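Peer 1: What follows is a predicted protein model with its sequence.
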Amino acid sequence: MSRSPSLPDRPRLDLDPDMTPEERLEALRDHFEQIVEVNDELESQLDAAKDRRRSLTDDVDRIERENEMLKTSSLYIATAEEVTDDGVIVKQHGNNQEVLTEVSPSMRERLEAGDRVAINDSFSVKEILEGEKDARAQAMEVDGSPDVTYDDIGGLEAQIREVREAVEEPLINAEQFREVGIEPPSGVLLHGPPGTGKTMLAKAVANETDATFIKMAGSELVRKFIGEGARLVRDLFELAADREPAVIFIDEIDAIAAKRTESKTSGDAEVQRTMMQLLSEMDGFDERGEIRIIAATNRFDMLDRAILRPGRFDRLIEVPNPDFDGRTRILEIHTEQMELADTVELSSIAGKTDGLSGAELASLATEAGMFAIRDQRTTVTEADFDDALEKIEDGTEGGSVPVAFA
Ligand SMILES: Nc1ncnc2c1ncn2[C@@H]1O[C@H](COP(=O)(O)OP(=O)(O)OP(=O)(O)O)[C@@H](O)[C@H]1O
């Protein structure tokens with residue numbers, strides 16, 4: 001810090017009684033000039049001091065802001081790896097940095113190895129993230145033996161054929177692919193409107209190949225597990241390797257693989273990291289063994305084309321809303337267990353339901369059953385289907401899409 005400049009000496013007036021009036025006048029003039037000089041000097045010192053005060057005030061404001069930011073600054077997510085006598089070893093997510101840190105005795109009592117914790121810049125454990133212990137379990141749906149079969153899927157014969165060829169064959173006849181010397185498609189992307197059977201297709205392939213079905217929803221990765229997307233994608237592939245043969249199903253992939261937008265918010269950076277992790281997992285996937293990847297989207301137009309390059313999601317399968325035959329078959333499937341009146345013509349209902357998805361047709365069947373129950377009947381009539389259709393159409397017009405009962 002610079003020292004304050006010293007004050008100028010106060011001018012002295014020495015008047016000798018023996019002085020002539022002229023000499024006295026001269027001395028007074030000199031004294032006056034000295035006073036003016038000192039005054040100028042003091043004024044310039046005052047200006048400098050004011051400048052300095054302004055700059056110090058700016059510094060104080062800046063430090064106060066920084067202090068405020070530090071007090072409210074983000075915490076990082078880490079896993080407590082080991083609780084030792086010397087402290088706790090935590091591993092920060094994202095950069096995998098491991099540090100030994102101290103915790104308060106009360107926190108230490110509650111902390112167990114494997115807990116997810118929030119740490120600050122100096123790695124102090126600020127919080128134990130209860131209930132979120134196993135993000136991996138929450139973010140992924142693992143089904144060792146899904147019970148959906150191809151027969152449960154209506155109206156998607158061509159899509160079933162393509163999925164079988166792209167996913168099932170390479171899993172069952174891996175050796176044959178090697179002998180012929182061709183690479184099976186890396187990933188399959190199912191795209192089409194919501195509720196058309198994309199998830200069912202992925203589950204049916206896993207069922208048919210006795211593979212574990214592992215589902216992860218892209219939207220959840222970016223909404224619920226902020227800051228952990230990339231790690232969870234890595235975990236997903238690790239889990240699939242542990243459980244092979246496995247079918248990885250990434251639903252709503254558009255949430256992590258949308259075209260890059262102009263904005264550069266931290267949220268975008270995080271989504272970007274998650275997508276890069278997915279791409280790198282897929283690119284390093286030659287030695288993957290018996291793992292196949294299926295992704296699904298309702299927003300094909302939004303996808304970043306990088307994920308469609310060869311070696312990534314290079315087999316595109318469109319899964320549209322069902323046509324007339326498809327709707328008839330879906331209605332057959334979903335009314336199989338229902339007591340229908342002999343007069344019910346499913347083809348007639350299919351004729352009235354153009355534009356409805358498989359999920360909406362499933363919902364229609366359930367709603368029709370509800371109308372019969374309300375009327376205390378055990379047999380469902382075509383009028384029940386008409387009432388149900390009206391209700392579903394009202395719901396759709398109001399903006400809410402009916403929920404399908406799987
Ligand atoms: N083609 C179909 N055949 C029979 N049932 C179907 C069909 N499509 C959808 N359904 C019914 O709708 C439910 C939801 O379908 P599914 O989850 O497979 O759709 P999705 O295309 O994955 O939807 P989203 O894009 O919203 O995730 C299924 O459990 C089933 O009851």
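Peer 2: That came in fine, so what should we check first? Residues are numbered from 1 along each chain as shown.

Peer 1: what's the burial count for the single nearest residue of the stretch 251-400 of the chain relative to the ligand?
Peer 2: In the stretch 251-400 of the chain, the residue that lies nearest the ligand is residue 358 (2.1 Å; C-beta to the nearest ligand atom). (C-beta placed from N, C-alpha, C; glycine too.) Residue 358 sits with 29 neighbouring residues when counted by other C-beta atoms under 10 Å.

Peer 1: you'd agree it is up against residue 155?
Peer 2: Yes - Residue 358 lies in contact with residue 155 (C-beta atoms under 8 Å); the separation is 7.5 Å.

Peer 1: between these two, what contacts are shared?
Peer 2: Residues touching both residue 358 and residue 155 by C-beta atoms under 8 Å, 6 or more residues apart in numbering: 322, 326, 330.

Peer 1: So among the residues you listed, which ones count as buried?
Peer 2: With burial judged by 16 or more other C-beta atoms under 10 Å, the buried subset of the shared contacts of residue 358 and residue 155 is 322, 326, 330.

Peer 1: Which ones, among those, also lie beside the ligand?
Peer 2: Counting by C-beta under 6 Å from any ligand atom, residue 330 from those sit close to the ligand.

Peer 1: can I get the buried ones among the shared contacts of residue 358 and residue 155 in CSV with distance to residue 92?
Peer 2: Formatted as CSV, these follow (distance: C-beta to C-beta, whole Å):
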residue, distance to residue 92
322, 49
326, 50
330, 49
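
Peer 1: right, and out of the buried ones among the shared contacts of residue 358 and residue 155, which lies closest to residue 161?
Peer 2: Of all these, residue 161 sits closest to residue 326, with 14.4 Å by C-beta to C-beta.

Peer 1: Please identify the helix or strand for that closest one.
Peer 2: Element membership for residue 326, per DSSP states H and E: helix 324-335.

Peer 1: just residue 295 next, same as before
Peer 2: For residue 295, the enclosing helix or strand under DSSP H and E is strand 291-297.

Peer 1: follow-up on the earlier one: any idea of the pLDDT on the residue of the stretch 251-400 of the chain closest to the ligand?
Peer 2: pLDDT for residue 358: 95.

Peer 1: what do you get for residue 394?
Peer 2: For residue 394, pLDDT reads 78.

Peer 1: Can you tell me how far it is from residue 350?
Peer 2: For residue 394, the distance to residue 350 equals 20 Å [C-beta to C-beta, to the nearest Å].

Peer 1: List the buried residues of the helix holding residue 326.
Peer 2: The neighbour-count criterion (16+ other C-beta under 10 Å) identifies 326, 327, 328, 329, 330, 331, 333, 334, 335 as the buried residues of helix 324-335.

Peer 1: would you turn those residues into TSV with pLDDT and distance to residue 196?
Peer 2: TSV is the format used below for these (pLDDT from 0 to 100; distance: C-beta to C-beta, whole Å):
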residue	pLDDT	distance to residue 196
326	95	9
327	95	11
328	96	16
329	96	13
330	96	10
331	95	15
333	95	14
334	94	14
335	93	19
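
Peer 1: Reformat those as JSON lines; add distance to residue 46.
Peer 2: Output for those, formatted as JSON lines (distance: C-beta to C-beta, whole Å):
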{"residue": "326", "distance to residue 46": "88"}
{"residue": "327", "distance to residue 46": "89"}
{"residue": "328", "distance to residue 46": "94"}
{"residue": "329", "distance to residue 46": "92"}
{"residue": "330", "distance to residue 46": "88"}
{"residue": "331", "distance to residue 46": "91"}
{"residue": "333", "distance to residue 46": "91"}
{"residue": "334", "distance to residue 46": "89"}
{"residue": "335", "distance to residue 46": "94"}
